[in-house]
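Engineer: sequence and predicted structure, then a few things I'm wondering about:
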Amino acid sequence: MKTKIVLWLILVLMSGVFAVPKPAFTRDDDGWSADARKARQLRGRWYLNGDRNKPTEINENGRRLEARNENGQTSRLEVDRHGNIRAADWQDVRGDVSGDRIKWSNGTTWTRKPSRR
């Protein structure tokens with residue numbers, strides 16, 4: 001009888017009944033999801049239309065991103081799964097992120113580096 005119980009336990013364990021399911025949302029080795037990493041890469045200094053006299057920035061405020069424009073006004077930023085952004089407090093202005101450039105739907109562009117003009 002003991003042999004049958006031991007064999008049954010071995011079969012149950014081998015069948016995967018006690019297997020730990022993989023979570024639906026996985027994180028990479030650094031502990032951040034790919035979407036969160038895209039959002040974090042937006043942090044830092046930017047320049048309105050490349051003008052070194054009109055710095056802007058994107059920072060983390062708690063677990064959220066916040067943008068500050070050249071006039072010091074701030075907005076919460078929402079990042080979609082493609083890495084593009086929406087400034088919720090600036091009449092829903094949307095930003096198309098491409099490398100070191102954010103092209104905003106209001107006609108302005110933020111660049112990582114100032115232009116050489």
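Structural biologist: Noted; the coordinates are in hand.
Engineer: please count neighbours and contacts with C-alpha atoms only from this point.
Structural biologist: OK.
Engineer: which one in the chain is furthest away from the centre?
Structural biologist: residue 1 (57.1 Å; C-alpha atoms, centre = their mean).
Engineer: what about it, distance to residue 7?
Structural biologist: According to C-alpha to C-alpha, to the nearest Å, residue 1 stands 10 Å off from residue 7.
Engineer: for the chain, give me the ranges with low pLDDT.
Structural biologist: Counting by pLDDT under 70, the chain has low-confidence residues at 11-37, 117.
Engineer: what about 90?
Structural biologist: Within the chain, the stretches falling below the threshold (pLDDT under 90) are 1-41, 61-64, 79-84, 99, 115-117.
Engineer: could I get the full set of strands for the chain?
Structural biologist: Using DSSP state E, the strands of the chain run over 44-48, 55-61, 64-68, 74-79, 85-87, 93-98, 101-104, 109-111.
Engineer: include distance to residue 38 and mean neighbour count when you put the ones you listed into TSV, please.
Structural biologist: Converted to TSV, the strands of the chain look like this (distance: least, C-alpha to C-alpha, whole Å; neighbours: other C-alpha atoms under 10 Å):
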stretch	distance to residue 38	mean neighbour count
strand 44-48	13	20
strand 55-61	13	18
strand 64-68	11	18
strand 74-79	8	20
strand 85-87	11	21
strand 93-98	10	17
strand 101-104	13	19
strand 109-111	16	22
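Engineer: stretch 98-106: how far from the chain's middle?
Structural biologist: The chain centre lies 16 Å from the centre of stretch 98-106; the measure is C-alpha atoms, centre = their mean, to the nearest Å.
Engineer: can you check stretch 60-72 too?
Structural biologist: Between the centre of stretch 60-72 and the centre of its host chain there is 14 Å, according to C-alpha atoms, centre = their mean.
Engineer: got the contact list for the closest residue to residue 114 other than its chain neighbours?
Structural biologist: Closest residue in space to residue 114, ignoring its immediate chain neighbours: residue 50 at 4.3 Å, by C-alpha to C-alpha, 6 or more residues apart in numbering. Contact analysis of residue 50 by C-alpha atoms under 8 Å, 6 or more residues apart in numbering lists 109-115.
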